[in-house]
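Trainee: Got a predicted structure here, sequence first:
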Amino acid sequence: MTVARKLRDFLDEQHAPYAVLQHEEKFTSPEIAQSLHVPGREMAKVVIVQADGRLVMAVLPSDRYIDLTRFADATHAEMVGLATEEDFRRAFPDCEVGAMPPFGNLYGLDVFVAEELTADLQIAFNAGTHTELIQLAYEDFERLVQPKIVALAR
């Protein structure tokens with residue numbers, strides 16, 4: 001599998017400069033960041049959350065964990081929990097499970113980004129596969145996704 005077609009087409013249509021980095025198959029963001037020498041704070045990982053019965057995307061640095069209590073407070077959701085692979089597998093048909101890019105807007109999901117990521121000049125993230133990463137200016141990510149910036153990491 002290669003970079004998710006939906007993502008590549010969108011970035012190209014929006015004239016957003018990006019780089020695709022190849023790496024050995026890895027399944028966790030910290031492993032990927034380490035193998036490519038990307039600082040953990042610049043490696044964005046995606047966590048899919050069930051918030052009041054709907055799927056939403058949380059994006060945070062790979063060296064942080066999602067704090068569901070903070071997430072619920074920031075999003076005003078009454079019921080939050082981590083979604084299972086079975087919950088979200090079909091939402092990302094062109095992606096390998098667990099390698100979704102932080103572009104929930106392309107898949108009909110609201111996107112919430114951790115405040116910490118906004119300080120980065122560029123971010124890196126899974127490109128829909130467990131062997132490819134995209135590097136993109138954070139400014140372009142924010143312009144293209146228009147995420148809600150919240151306190152969600154610990």
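Mentor: That came through, no problem. This structure is a prediction, so every number in the text was calculated from the model and none was measured. Residues are numbered from 1 along each chain as shown.
Trainee: for the spatially closest residue to Asn105 that is not a sequence neighbour, what are its contacts?
Mentor: Among residues not flanking Asn105 along the chain, Val145 sits closest, at 5.3 Å (C-beta to C-beta, 6 or more residues apart in numbering). Where C-beta positions appear, they are placed from N, C-alpha and C, glycine not excepted. Going by C-beta atoms under 8 Å, 6 or more residues apart in numbering, Val145 touches 102-105, 111, 113.
Trainee: Could you check how far Gly128 is from Arg90?
Mentor: Going from Gly128 to Arg90 by C-beta to C-beta, to the nearest Å gives 15 Å.
Trainee: Compare these two and say which is more crowded by neighbours.
Mentor: Gly128 (23 against 7; other C-beta atoms under 10 Å).
Trainee: residues near the nearest residue to the more buried one once chain neighbours are set aside, how many?
Mentor: Setting aside the residues directly before and after it, Gly128 is nearest to Ala4 in space (C-beta to C-beta, 6+ apart), at 2.9 Å. Neighbourhood size, Ala4 [other C-beta under 10 Å]: 26.
Trainee: centroid residue for the protein?
Mentor: Nearest to the mean C-alpha position of the chain, counting by C-alpha atoms, centre = their mean, stands Pro102 at 2.8 Å.
Trainee: just to revisit the earlier point, in strands only, show me the contacts of Val145.
Mentor: Here DSSP state E is the test, and the contacts of Val145 give 111, 113 as lying in strands.
Trainee: okay, the contacts of Val145 in JSON lines with pLDDT and distance to Val46 next?
Mentor: Putting the contacts of Val145 into JSON lines (pLDDT from 0 to 100; distance: C-beta to C-beta, whole Å) gives the following:
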{"residue": "Pro102", "pLDDT": "96", "distance to Val46": "5"}
{"residue": "Phe103", "pLDDT": "96", "distance to Val46": "9"}
{"residue": "Gly104", "pLDDT": "95", "distance to Val46": "8"}
{"residue": "Asn105", "pLDDT": "95", "distance to Val46": "13"}
{"residue": "Val111", "pLDDT": "97", "distance to Val46": "9"}
{"residue": "Val113", "pLDDT": "96", "distance to Val46": "10"}
